[in-house]
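In: What follows is a predicted structure for the sequence shown.
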Amino acid sequence: QVQLVESGGGLVQAGGSLRLSCAASGRTFSSNVMGWFRHPPGKEREFVGAIKWSGGSTIYADSVKGRFTISRDNAKNTVYLQMNSLKFEDTAVYYCAASVVLSGRAALYDYWGRGTLVTVSS
C-alpha cells in the first residue's frame with residue numbers, strides 16, 4: 001500500500017502562484033510515477049501532469065504547460081506541483097496519485113490521496 005497526503009491548497013487571486021505538496025509513505029518503491037489530477041466543480045476529473053521518481057521525466061496537460069511545474073524530492077518522498085499564473089479555471093480539488101506508468105490516464109494510477117482544494121478568485 002502507498003499512502004498519499006496532499007497539502008498546500010487554498011485561496012489565491014488570478015495571476016498568483018501556489019505550491020502543492022504530496023507526501024508519499026508506505027510501499028513507495030512499488031510506484032515509479034507520481035501524477036497530479038484535478039476535479040473542477042461541475043466537470044470531469046482531468047490530468048494535470050506526472051513525474052517519474054527515477055530520472056525526473058515529466059509530462060503535462062496542454063492546459064497547464066508553461067504555467068505548472070512538477071518536481072520531486074526523493075529523500076523526502078515528496079512531489080510538488082508549482083502553479084504559476086493561476087486562472088479562475090484552475091479552481092479544483094487537486095489530487096496526487098501513484099502509478100507504475102508515466103501516463104495521463106487515471107485508470108493507470110493505483111493509489112490516490114484525498115485531495116486539496118485550490119480556489120482561484122477572478
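Out: That came through fine.
In: got the residue ranges for the strands in this structure?
Out: 2-7, 10-13, 18-26, 33-39, 46-52, 58-60, 68-73, 78-83, 92-99, 109-112, 116-121 (DSSP state E).
In: Can you tell me the strand partners of the fourth one and which way each runs?
Out: To tie it back to what came earlier, the one meant is strand 33-39. Its sheet considered, strand 33-39 pairs with strand 46-52 (antiparallel), strand 92-99 (antiparallel) by DSSP bridges.
In: Quick check: which of these is buried the most?
Out: strand 92-99 (a mean of 23; mean count of other C-beta atoms under 10 Å). For the C-beta atoms, the positions are set from N, CA and C on the backbone; glycine is no exception.
In: what's near enough to touch the residue of the chain most remote from its centre?
Out: Of all residues in the chain, Ser122 has its C-alpha farthest from the mean position, at 22.1 Å, by C-alpha atoms, centre = their mean. For Ser122, the contacting residues are Ala14, Phe88, by C-beta atoms under 8 Å, 6 or more residues apart in numbering.
In: Could you give the number of residues near Ser25?
Out: Neighbours of Ser25 under the rule other C-beta atoms under 10 Å: 11.
In: before we move on, what about the one 10 residues further on?
Out: Using other C-beta under 10 Å as the criterion, Gly35 is surrounded by 29 other residues.
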